[in-house]
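Chemist: need a structure here:
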Amino acid sequence: MSETVETRIANGTGIITLNRPKALNSLSLDMVRALTEALLAWRDDTAVAAVLIRSSSEKALCAGGDIRFFHQVGQLPPQGGSALLEDFFTEEYALNHLIHFYPKPYIALMDGVVMGGGMGISQGGPECALRIVTERTKMAMPEVNIGMFPDVGGSHFLSHAPGRLGWYLGLSGATIGAADALYVGLADVFVPSAQLPALDALLASTPGSDVPAAIRRFAASFAGQAGSSELQAQRALIDRCFGAASVADTMAALEQETDPFAHKALAAMRQRSPLMMCVTDELLVRGASLGVADCLRLERALVRRTFEHGEILEGVRALVIDKDNAPHWNPPALEQVTLGMVADFFAPVWPAHAHPLRHLD
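Modeler: You can find the predicted model right below:
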């Protein structure tokens, strides 16, 4: 397929290996296209009974979209309207939809960093997805860190997480490990990294049609080794604070708590874009009542608004380009964010018949 997306078929399993290790497999437009091409080709191929996506590196399955690319092309005129930028998000979200509704078992080996766009290529539909985590898994939807919102279907899978766990992850951008991922419902089985060679041997010797069940049996003996879930222990606090009516109320509630967990979450939120936290809150409210396709269409319009506003450009500048970690958010304070500002992000960009993702169902 390409140097960064390697594909092969072994014993009835289509294996995709992401191979851009220096960038932690951050997704480029070419990678999105290569992934889509492989999945479309295998969808109706009787020689392929299951699909596995993995990395050539133990450091990351995928750290997200290529945010340096976003910063570069997002500044081209018209602001936020670069054709390459438009193509990237339209095709990435179409890929997320393809994965979610893939008709064959879709197995994601979520070893190492799995964030943002990495979650989008891992969170398949409940009937066919099998998501494997290890003790090296570092999972997050950290978009508010860079002036963005949790996209790639995050409006769906975060809003459908138990209680207010999705709001906690989306508004704080917190990173979680294997035990928390299993508890939230963003992973299915745990396999210690030391057992991955044995897992590879199992895959090589198992017909594709039997692979999902074989993996579940293999992982069953390690079920108690993922450790304890901090989110489970803090569930009452999370539901109480992140169930508040607004971001401001959530932060006020966290301030009243005595547990260090609450103080850590509050400190993180104070560093995030105030506007994009409020947009994220509204996005999750809306996403809770929408199907996958409508969530992706909603996110696609929000992407345009976010680049038009420029918040993501400033966030990436501060975090990745200049690395001063001092973003100048607009507006700079939560109390300056108005309902009208948030509503503007949700104003339609295209009429329904012209939406770039109108064909998703």
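
Chemist: lowest-pLDDT helix or strand in this protein?
Modeler: In the chain, the helix or strand scored least confidently by mean pLDDT, DSSP states H and E is helix 67-74, which has a mean of 82.

Chemist: helices or strands next to that helix in the packing?
Modeler: Counting contacts by 3 or more C-beta pairs under 8 Å, 6 or more residues apart in numbering; DSSP states H and E, helix 67-74 is packed against helix 83-100, helix 311-316. The C-beta positions use only the backbone N, C-alpha and C, and glycine is treated the same way.

Chemist: compute the inter-axis angle for it and helix 83-100.
Modeler: Angle between the axes of helix 67-74 and helix 83-100 is 140 degrees (criterion: axes from the mean of the first three to the mean of the last three C-alpha atoms, to 10 degrees).

Chemist: the helices and strands packed on helix 67-74: which one's closest to Pro126?
Modeler: Nearest to Pro126, of all those, is helix 83-100, at 9.3 Å by C-beta to C-beta.

Chemist: now the closest one: how far from the chain's centre is it?
Modeler: Helix 83-100 sits 13 Å away from the centroid of its parent chain (C-alpha atoms, centre = their mean, to the nearest Å).

Chemist: whatever helix or strand comes next after that helix pairs with which strands, parallel or anti?
Modeler: The helix or strand immediately downstream of helix 83-100 is strand 106-110, counting by DSSP states H and E. Its sheet considered, strand 106-110 pairs with strand 50-55 (parallel), strand 129-133 (parallel) by DSSP bridges.

Chemist: and the next element down the chain from strand 106-110?
Modeler: Per DSSP H and E, the first helix or strand lying C-terminal to strand 106-110 is strand 113-115.

Chemist: by contact count, what packs against that next one?
Modeler: Where contact means 3+ C-beta pairs under 8 Å, 6+ apart, strand 113-115 is packed against strand 60-62, strand 138-140.

Chemist: highest mean neighbour count out of the ones you listed?
Modeler: Comparing the helices and strands packed on strand 113-115 by mean neighbour count (mean count of other C-beta atoms under 10 Å), strand 60-62 ranks first with a mean of 27.

Chemist: avg pLDDT for that strand?
Modeler: The pLDDT scores in strand 60-62 average 98.

Chemist: next one: stretch 156-175
Modeler: Average pLDDT, stretch 156-175: 98.

Chemist: roughly how far is that stretch from the heart of the chain?
Modeler: Using C-alpha atoms, centre = their mean, the offset of stretch 156-175 from its chain centre is 11 Å.

Chemist: what's the answer for stretch 29-39, then?
Modeler: Centroid displacement of stretch 29-39 relative to its chain, using C-alpha atoms, centre = their mean, is 17 Å.

Chemist: and the helices and strands packed on helix 67-74 as CSV, adding distance to Pro142, mean pLDDT and mean neighbour count?
Modeler: Listed next are those as CSV, based on distance: least, C-beta to C-beta, whole Å; pLDDT from 0 to 100; neighbours: other C-beta atoms under 10 Å:
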stretch, distance to Pro142, mean pLDDT, mean neighbour count
helix 83-100, 17, 95, 20
helix 311-316, 11, 93, 23
